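Chemist: Got a predicted structure here, sequence first:
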Amino acid sequence: MAAANNILVVDDDGVVGSLVSSMARSIGFHCIVTKDAANCHRLVTADTAVIILDLIMPGMDGIEVLRLLGEQKCRARIVLMSGMDKRVIETAKKLARTLGLVVVGHLQKPFGVEELRIALGDIAPDESLLVAHERPKLDFPDAELARAFAQAEFVNYYQPQISLKTGMVTGVEVLSRWFNPRRGVILPEHFIARAESMGFIDALCWSTAEMALADVHQFRDKLGAQARISLNASVHTLRDLKFPDMFMALLDQHGFPADNLVIEITETGLIRELARTLDVLTRLRMKSIQLSIDDFGAGYAMMQQLQNVPATELKLDMSLVQNMHASHTDRIMVEKTIEMGHELGMEVMAEGVTTKEQVTLLQGMGCDGAQGFLFSPALPLAGLVKWLHGAGAARLI
């Protein structure tokens, strides 16, 4: 079956339509141009690889078109065009992504031939990019999850964290995985919320911590004495006033220093029972345990969390990191968050780093550390030990 290679251009300016069409054909696309925004979604077929859409049009505008394409579950890649300022275009891009659409770039009007050539070159036909990689939502009965806890089917994976100043491994983040004998390895996005609603989240938190502290002796010599372990903790667990003393007892049992342990708190989850949560977090810091605000920039309570939580680290959400090379707004947010974190005495860690370009930008902004597929995915214990023997003692950047 041939790859989809149609471009659909939606613009009321005939000159722009002709220019885009001519250049698109020169690099192997078949191009369709329409001024009819209200009906353009009917021209989208399985062979439509790319839609180049003007935001400002008479009658139906580009935002309304995006809404229709979202309802249609369109999988074509989208390039936005507009004479509006960059922030409007970037907001439109974010809207498109919330609608499930794939936005791959934008053209700021008026644009020149070379800008158009570069934009079209970035989206040249490539069959590997035309397949929608959606993670289907797993549906399983409560009894299956309950059995998983009863039979201890949860395992730890570890993702290395890298210093952007030295290029060396500074620690690992501990990530839970469900090893389902029938379905294989299941990521936490499919079971964490269910575990919370079913009352299993405390058990998962403790089993994850116990496994990590038992495992650390197999790789700590490769990380060095100052290397850290980062654990995710549910907000539900952090409302238990006994948690600090119980956790310190666990650290003492395994002989692990408190100041090398980081507890990561999801940024958006601290609003309920704030007094109890802050009681626990403050006592954890008094016991020298480090605190990290996870997914910073993904929610709406950023300033409140910074004011309330005695955090020692901010973790930049991967959505900001992955888009900062293309989004002026995201780049500024990353830069200012790093500055603010440092002003408040915190280190800043970037998540989801996948390219050397992102590393260069983050280093230029003074970011302290990073983790992501550029260095290593999350690995099971044996995989981490093998990776550390190969790369752990080397400068990675």
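Modeler: That came in fine, so what should we check first?

Chemist: Please enumerate the strands of the stretch 51-200 of the chain.
Modeler: Assigned by DSSP state E, counting those that start in this stretch, the strands in the stretch 51-200 of the chain fall at 77-82, 102-108, 154-163, 169-180, 184-186.

Chemist: Tell me the helices and strands packed up against the third one.
Modeler: When contacts are defined as 3 or more Cβ pairs under 8 Å, 6 or more residues apart in numbering; DSSP states H and E, strand 154-163 sits against strand 169-180, helix 201-215, strand 369-370, strand 379-380, helix 381-387. Bear in mind the C-beta positions are built from the backbone N, C-alpha and C, glycine included.

Chemist: Same question for the first one.
Modeler: Packing partners of strand 77-82 (3+ Cβ pairs under 8 Å, 6+ apart): strand 48-54, helix 62-71, helix 86-98, strand 102-108.

Chemist: Find the one among those with the highest mean neighbour count.
Modeler: Each of those was scored by mean neighbour count; the highest is strand 48-54, a mean of 25, by mean count of other Cβ atoms under 10 Å.

Chemist: where does the stretch 151-300 of the chain dip in pLDDT?
Modeler: 267-272, 298-300 (pLDDT under 70).

Chemist: per-domain residue ranges of this protein.
Modeler: 6-129, 142-392 (automatic domain parsing).

Chemist: Quick one: closest of the strands of the stretch 51-200 of the chain to residue 207.
Modeler: Of all the strands of the stretch 51-200 of the chain, it is strand 154-163 that lies closest to residue 207, at 6.3 Å by Cβ to Cβ.

Chemist: neighbours around the nearest residue to residue 236 once chain neighbours are set aside, how many?
Modeler: Nearest non-adjacent residue to residue 236, counting by Cβ to Cβ, 6 or more residues apart in numbering: residue 201, 5.4 Å away. Neighbour count of residue 201, defined by other Cβ atoms under 10 Å: 19.

Chemist: Same question for residue 150.
Modeler: Neighbours around residue 150, by other Cβ under 10 Å: 9.

Chemist: Name the residues of stretch 250-260 that are buried.
Modeler: Of the residues in stretch 250-260, 251, 256, 260 count as buried by neighbour count, 16 or more other Cβ atoms under 10 Å.

Chemist: wait, doesn't the second one sit right on residue 215?
Modeler: Right, residue 256. No: with contact defined as Cβ atoms under 8 Å, residue 256 and residue 215 do not form a contacting pair (11.1 Å).

Chemist: any idea how far the residue nearest to residue 236 is from residue 240?
Modeler: 11 Å (Cβ to Cβ, to the nearest Å).

Chemist: Next: residue 148.
Modeler: Distance of residue 148 to residue 240, given as Cβ to Cβ: 23 Å.
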